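Participant: The following block contains a protein sequence and its predicted model.
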Amino acid sequence: MIGPSSPALRAITLTAALGCSASSLLPATAIAQSRPTRLPALGRSVAGTDDTRALVLNPANLGFLPASELSYQGIFLEDSLAVPWQGHAFSLGVNLPFSLSTAARLDLINPPETARGTGLTDYQWFTWGVSLRASESMAIGATLQRSYSETPALHDISSYSIGLSTRPSDYLSFSVAAQHLGADLDQANTHLAASYDTAIGIRPLGTRTVELGLEARYLKDQESWRPRATLGVDIGPVGRVYGDFTIPDSDRFLLGDSNDPKTWQASLALALDTNDMLGSSELYGGSLTGNGLGADNSYNWQFGFAVRGWREPVGGEPRHYAVRIRLESTPGARGHVALLRQLWSLRDEPSVEAVILDLRAAPAGSLARVQELRDALFELRRHGKRTLCHLENASGSALYLCAAANTILAHPAGNIRFAGLRSRHLYFKGLLDKLGVHADFIHIGAHKSAPERFTRRSPTDTARADSIDLLQQVERHVIDGLSVARNIKPAELRRRIATGPFLAKEAVAANLIDDTAFDDEVDDKLEELLGHETHVFEDKRVKRSATRSGRQRKIALVYIDGDIVDGRSRSIPFLGVKTVGSYTIAETLKQVREDSSVGAVVLRIESPGGSSMASDVMWREIQLTQKKKPVIVSMGAYAASGGYYVAAPATRIFANPLTITGSIGIFFGKADISGLLSKVGVDVTVYKTGPRADAESMFRPFTPEERVALEGKLRKVYDLFLERVATGRDMLSEDVDKVAQGRVWTGEQAHARGLVDELGGLRQALAHARMLGELRDDCPIVELPEPKSSLLGKLLGIEGLTAPSAALPTGIAQIAKALAPFMIHKSHQALARLPYAPIED
């Protein structure tokens, strides 16, 4: 029997090792006929392979696994070859929490006849690996592998492998891996030794379209290097071509002569990828050849397939289909952005030909947000997608949104609850008088009417005029949008709306909607709109794998959502009240300011204002951030008073035409409950060292002298507000004061007065941020601050609550929100806040 030291066997060993060097899977040494190796990952690179083949190439790359994968690989060799790795391999990989990924693989090896002549029989390898994605661009991983066979010499061989990958840019990646560490050096004539791979991946175009791998494996027992090159190229809508070329002995290849033939091995394969909504599948096949396999002029085959939980960026796409989006609750600020991003992604899907919106609730919490949704529908239509709305009991905001669609349908038993717009203002002075509570307020700004709800039974003439003007501004936009969409003149449209609300048939007769349809008839109506049959699916699309590697430059989308308060952000879920804390935002802005991967910041402001102190803390952090990178403001439903304060230092401000903004003014006050205490028989005695020591106490009113002093101090706070706006907007304080005084403006009015740079929603703000930050159109968007989660909140279903009004009756919820400033702000704070008086439809 030929032993491992036989010269003939040694020659075959060198050629067989070439084939095995094409894969990081291979044993640590050059493969001799007697070495039981796993199937190599032909054509795949050590640095760039992110699927389950990483188990045999570089376990670190499991950390970049996009989603789950189940795969099969088969290699079929001619019987004349001496290499053993013929057989089948099955792999399964999944993502785990905490940036972990894991995978397992089973190799079933059936060596060719020539390899069996060296003593090899059937054997199996089981490999298990785990990887940690330590950062966006770095991962570490390890595998354990063990052999099984009925042949004792091939049974119970165990080892481990480790790897590290880093991807510093779109163009380069680096990997190192150590294979088969800890294996016995000589176990029953089965020789295993450690090997060490170094690899570099080069993407000349910065994407995976073309990827070149340059690799070298150091064989510890032979003290030699084995170079290898890989190439991957995307082929149009078909898939990808993979290939590799390996030299098993570099010294021999470069310095050998005709008596010492140069050995080599090469493989080539075509992978056909097919995408659908839930993932992708890959079917590949190819050949491998080279005298390094143990024989000249041999042609061998490889075949495999994979089922994946991600979609490939290149591959066959499904036939055209339609997507249904169903809204059963009104999204909050973050939910609204998620809906926008969903619609934008559908715009860019080549296979999506239509979108159905099933609206079972108001589509947004304000008409300003509805304008952003309308813009998203218009974007879909501009990209050739058809849009259809189906309503049940719809509000005016739903009708306003759906006017941007191609077709509006309603359930036959449904209705359109719209007869015009209204705003409701609650006044609590009568209640407070009965309780013996005196609201003691001072305000700066003739239009700063927020305290009036507590100090008066009805609005002042100024407040009444402001409210009517605001309502008329909003109504004009709604009428104009409906008028153009439904081809009805504004005057006639107002007349028809005044006869509302409407039953579904009445809405059709009034030309407010197109037709009625039961739920089961909507798909047929869509096919009528398209003019051909289609398939309608719920939107369950999975993400596509990244076309770029490395740490990506991104946009930080920072939410300033809720009442502005000192301290940290919190919420009162059942009242639907959120607060945004100065500490939380300051820390977030410092984080994005110091993060070199953040190329631009978009502030999404959804705030009626609040604490002037907290607003100034945020103002400073935004100013510091703006000096280092572009800061773009996107105003949502509200960005008023303190909400405008924090917007002022931004590089550029975008507002929807119906955003509620302005309200540049200050007020301060307290509730004097001395009358209430007197009614219930409670007396208060105060000892103090100074006459004003208890001026902010709720147990007495302000004295006339204190009111004069407070007004002077409040005037300085107001002047600081003007100064902050003037600095940010490059205006004079006097000019700011002319459009300030607490006056509330729509986004359109604010734009005309220089308080806003451009009219547009979040889409336009993001586009401008990309331009100023020199970012790609597909750059990542990271949303901050990250929402806090708790086990209790999840158990109670509080977190993520998108319809707070469901927790309390509408009237009680409105009262609670109107009283919210007393509950969430400290009594000694000067407030820059908008009154709570939403415009309703």
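Facilitator: Yep, it's here.

Participant: Could I get the full set of helices for the stretch 351-500 of the chain?
Facilitator: Assigned by DSSP state H, counting those that start in this stretch, the stretch 351-500 of the chain shows helices spanning 367-382, 396-402, 429-435, 452-455, 461-486, 490-497.

Participant: Turn those into CSV, columns for distance to residue 443 and mean neighbour count.
Facilitator: For every residue, glycine as well, the C-beta is placed using N, CA and C. Listed next are the helices of the stretch 351-500 of the chain as CSV, based on distance: least, Cβ to Cβ, whole Å; neighbours: other Cβ atoms under 10 Å:
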stretch, distance to residue 443, mean neighbour count
helix 367-382, 26, 22
helix 396-402, 32, 28
helix 429-435, 15, 14
helix 452-455, 9, 20
helix 461-486, 11, 17
helix 490-497, 36, 15
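
Participant: which stretch among those comes nearest residue 687?
Facilitator: helix 429-435 (27.2 Å; Cβ to Cβ).

Participant: and the closest one, what does it pack onto?
Facilitator: strand 438-444, helix 452-455, helix 674-679 (3 or more Cβ pairs under 8 Å, 6 or more residues apart in numbering; DSSP states H and E).

Participant: among these, which is nearest residue 393?
Facilitator: helix 452-455 (30.8 Å).

Participant: May I have that closest one as PDB, with CA atoms only?
Facilitator: What follows is helix 452-455 as a C-alpha-only set of coordinates in PDB (Å, rounded to 0.1, in the frame of the first residue of the first chain):
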ATOM      1  CA  GLU A 452     -56.500  82.600  27.300                       C
ATOM      2  CA  ARG A 453     -58.000  79.200  27.700                       C
ATOM      3  CA  PHE A 454     -57.400  79.600  31.500                       C
ATOM      4  CA  THR A 455     -57.900  83.300  31.900                       C
END
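
Participant: Can you check the pLDDT for residue 816?
Facilitator: Residue 816 carries a pLDDT value of 60.

Participant: just the strands in the stretch 101-250 of the chain please.
Facilitator: Assigned by DSSP state E, counting those that start in this stretch, the stretch 101-250 of the chain shows strands spanning 123-135, 138-148, 158-166, 172-181, 195-202, 210-219, 224-235, 239-246.

Participant: residue contacts, the residue nearest to residue 438 when sequence neighbours are not counted?
Facilitator: Nearest in space to residue 438, with sequence neighbours left out and distances taken as Cβ to Cβ, 6 or more residues apart in numbering, is residue 672 at 4.1 Å. Listed by Cβ atoms under 8 Å, 6 or more residues apart in numbering, the contact set of residue 672 reads 437, 438, 439, 440, 698, 699, 700, 701.

Participant: ok, back up a step: nearest to residue 305, of the helices of the stretch 351-500 of the chain?
Facilitator: helix 367-382 (34.8 Å).

Participant: Other residues contacting the closest one?
Facilitator: Contacts of helix 367-382 (Cβ under 8 Å, 6+ apart): 336, 339-340, 343-344, 346-347, 355, 363-364, 387, 397, 400-401, 403-406, 474, 477-478, 481, 635-637, 656-660, 747, 761-763, 839, 841.

Participant: ok, 7 Å please
Facilitator: 336, 340, 343-344, 346-347, 355, 363-364, 387, 397, 400-401, 404-406, 474, 478, 636-637, 656-659, 761-763, 839 (Cβ atoms under 7 Å, 6 or more residues apart in numbering).

Participant: send the alpha carbons of that helix over as PDB?
Facilitator: What follows is helix 367-382, C-alpha atoms only, in PDB (Å, rounded to 0.1, in the frame of the first residue of the first chain):
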ATOM      1  CA  LEU A 367     -53.700  67.700   7.100                       C
ATOM      2  CA  ALA A 368     -50.100  68.700   6.700                       C
ATOM      3  CA  ARG A 369     -49.100  65.100   7.000                       C
ATOM      4  CA  VAL A 370     -51.900  64.200   4.500                       C
ATOM      5  CA  GLN A 371     -50.200  66.600   2.000                       C
ATOM      6  CA  GLU A 372     -47.000  64.400   2.300                       C
ATOM      7  CA  LEU A 373     -49.000  61.300   1.600                       C
ATOM      8  CA  ARG A 374     -50.600  63.000  -1.400                       C
ATOM      9  CA  ASP A 375     -47.200  63.800  -2.600                       C
ATOM     10  CA  ALA A 376     -46.200  60.100  -2.300                       C
ATOM     11  CA  LEU A 377     -49.300  59.100  -4.300                       C
ATOM     12  CA  PHE A 378     -48.400  61.600  -7.000                       C
ATOM     13  CA  GLU A 379     -44.900  60.100  -7.000                       C
ATOM     14  CA  LEU A 380     -46.300  56.700  -7.600                       C
ATOM     15  CA  ARG A 381     -48.400  58.000 -10.500                       C
ATOM     16  CA  ARG A 382     -45.400  59.800 -12.000                       C
END
